[in-house]
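> predicted structure and sequence below. I'll ask about it afterward.
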Amino acid sequence: TSTHQAMLLSAAVGLGLAASVSATPKPVLYGYDVVAYFNLDANAPGVLGSSLYQANLTVGDLSNSSKKMDTTEYTFFFANERNKNAFEKDPWKYAPRWGGF
């Protein structure tokens, strides 16, 4: 639907959408697959991901020289294993640029 396309477009330009912080975390972008977005035609609807294929965003710990990666509470859902693997390989290629999620 156009609502879902607008949400994904917002993520692509860096506005992002908030995942709820609660006892049961909600997926970022309401569970839409951020990797699939990059392969959609302009008028195509977003692709809903599945909790079967989920990954948490990781961030670098720059507080010391260990180059440790920390897992965040931001959970992304994907439509398939291939998209999940692509995200895990380079999450910041797909994650909304300006946070807010």
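Everything's here; your move.

> tell me how many other residues surround the residue nearest to G49 when sequence neighbours are not counted.
Excluding its sequence neighbours, the residue lying closest to G49 (Cβ to Cβ, 6 or more residues apart in numbering) is F77, at 2.9 Å. Every C-beta, even on glycine, is put in place using the N, C-alpha and C of the backbone. Neighbour count of F77, defined by other Cβ atoms under 10 Å: 24.

> F77: which element?
strand 69-78 (DSSP states H and E).

> what mean pLDDT does that strand get?
The average pLDDT within strand 69-78 is 81.

> tell me the strands beside that strand, with direction?
Sheet pairing of strand 69-78 (DSSP bridges) gives strand 50-60 (antiparallel).

> now the strand it pairs with: buried residues?
Y53, A55, L57 (16 or more other Cβ atoms under 10 Å).

> how far away is the closest residue to L57 other than its chain neighbours from V59?
Using Cβ to Cβ, 6+ apart and skipping residues adjacent in sequence, the residue nearest L57 is Y74, 4.3 Å away. Per Cβ to Cβ, to the nearest Å, Y74 is found 9 Å from V59.
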